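Novice: give me coordinates for this.
(one chain, ligands or ions: 1)
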Amino acid sequence: MPVDPTAAAEMTAFRWVPPMAAGLVRDLRVRWALEEAGIAYRERLFDFQHLPADYLNEQPFNQVPAYRDEAVQLFETGAIVQYVGEQSEALLPREVQARHRAIGWTYAALNSVEPGIMNLAIIDLFYPGDQWAKLRRPGAEEFAQLKLQRVANWLGEKEWLEGRFTAGDLVMITVLRILRHTQLVAEHRNLAAYVARGEARPAFQRALADQLAAFERHQPEGVAA
Ligand SMILES: N[C@@H](CCC(=O)N[C@@H](CS)C(=O)NCC(=O)O)C(=O)O
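Specialist: Got it, this is the predicted structure:
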C-alpha cells in the first residue's frame, strides 16, 4: 500500500532522524499496522527539533506518531495499532478470546517489556561515556535480559505469541528491535527468529522502506546518512 497524499488516514512522523534512530521511530508501528490492514495513509512530517506549537493539542507529549482519519484522532502507538486492528482481521482475530489475548500482548510489549528495553537503550545510545551510566548499565542489562527471557520462554517454538500473527506480535517485534545495537535478542535463538519472521513480512518491509524513504528525501546536507 503506497503512501497516498489523498488518503483519509494521516499519520505524523519525523522527516529525518539520526541513523541510530532510523528504522526504529515509532511511526513504524503505525505504518506496519496500516500495511497489514491494507489501509492507505498520508504522512505529515515534522522536523524533530521544531514541532508546531499546536501539535500538543494532538499529541499531549509532543511525540510522534499521532493519527487521524474521518472517525478518530489518536495518539499512542498502542491505541493506534489497536484501532487499525479493529478494522482488520489480519491484526486482530474476531473471536473474543483470541482478540483480547492479542490486545493483551500489545499492552505487555509496551508496558512489561519496552520500559526495561528503553532504559538500556537510553543508557547505551545517549549516555555511553557517563560515569553514572557505566555504573547503572549492568543492572539495566540484567533487567532487560529478564524480560527477554520471559518472552522467549512464552514463545518457545511457536511462530507467533498466540499461534498466529496479531497486533501483539507487531508491537512486540518493534519493541525487541530497539535492542538492535546489542546481541541480547540474538542470544535467544527463538527470539531472533521471531523478529526476523516479523521483519520478513511484506507489510513490514513496505513500512520500513517508507519510513526510510522520508529520511532519505530530507537528509540534511553534510550529515552522514
Ligand atoms: N508512548 C509513545 C511514545 C512515542 C515516542 O516516544 N515517540 C518518539 C519517537 S519514537 C518521540 O516523538 N520522541 C520525541 C520526544 O519524546 O520528545 C507511543 O508509543 O506512541
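Novice: wouldn't Val81 be in contact with Met172 here?
Specialist: No. Using C-beta atoms under 8 Å, Val81 is not in contact with Met172; the gap is 11.1 Å. In short, each C-beta sits where N, CA and C put it, glycine included.
Novice: neighbour count for those two, which is higher?
Specialist: Comparing Val81 with Met172 by other C-beta atoms under 10 Å, the one with more neighbours is Val81, at 30 against 26.
Novice: skip ahead from the helix or strand encompassing the more buried one and say which helix or strand is next.
Specialist: Taking DSSP states H and E as the definition, Val81 sits inside helix 77-85. Sequence order places helix 96-107 as the next helix or strand after helix 77-85, per DSSP H and E.
Novice: contacts for that next one next, please.
Specialist: Applying C-beta atoms under 8 Å, 6 or more residues apart in numbering, the external contacts of helix 96-107 come out as 78, 81-82, 85, 91-93, 161-162, 166-172.
Novice: list the buried residues in it.
Specialist: 99, 101-103, 105-106 (16 or more other C-beta atoms under 10 Å).
Novice: may I see the buried residues of the longest helix along the chain?
Specialist: Ranked by residue count and defined by DSSP state H, the top helix of the chain is helix 131-155. For helix 131-155, burial by neighbour count (16+ other C-beta under 10 Å) applies to 137, 140-141, 144-145, 147-148, 151-152, 155.
Novice: for that helix, the distance to its chain's centre please.
Specialist: Relative to its chain's centre, helix 131-155 lies at 19 Å (C-alpha atoms, centre = their mean, to the nearest Å).
Novice: put the alpha carbons of the helix or strand following it into PDB.
Specialist: As assigned by DSSP H and E, the chain's next helix or strand after helix 131-155 is helix 167-176. The C-alpha trace of helix 167-176 is given here as PDB (Å, rounded to 0.1, in the frame of the first residue of the first chain):
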ATOM      1  CA  ALA A 167      -1.100  -6.800  16.600                       C
ATOM      2  CA  GLY A 168       0.600  -8.200  19.700                       C
ATOM      3  CA  ASP A 169       3.400  -9.600  17.600                       C
ATOM      4  CA  LEU A 170       3.600  -6.300  15.600                       C
ATOM      5  CA  VAL A 171       4.200  -4.300  18.700                       C
ATOM      6  CA  MET A 172       6.400  -6.800  20.500                       C
ATOM      7  CA  ILE A 173       8.700  -7.200  17.500                       C
ATOM      8  CA  THR A 174       9.100  -3.400  17.200                       C
ATOM      9  CA  VAL A 175       9.900  -3.300  20.900                       C
ATOM     10  CA  LEU A 176      12.500  -6.100  20.500                       C
END
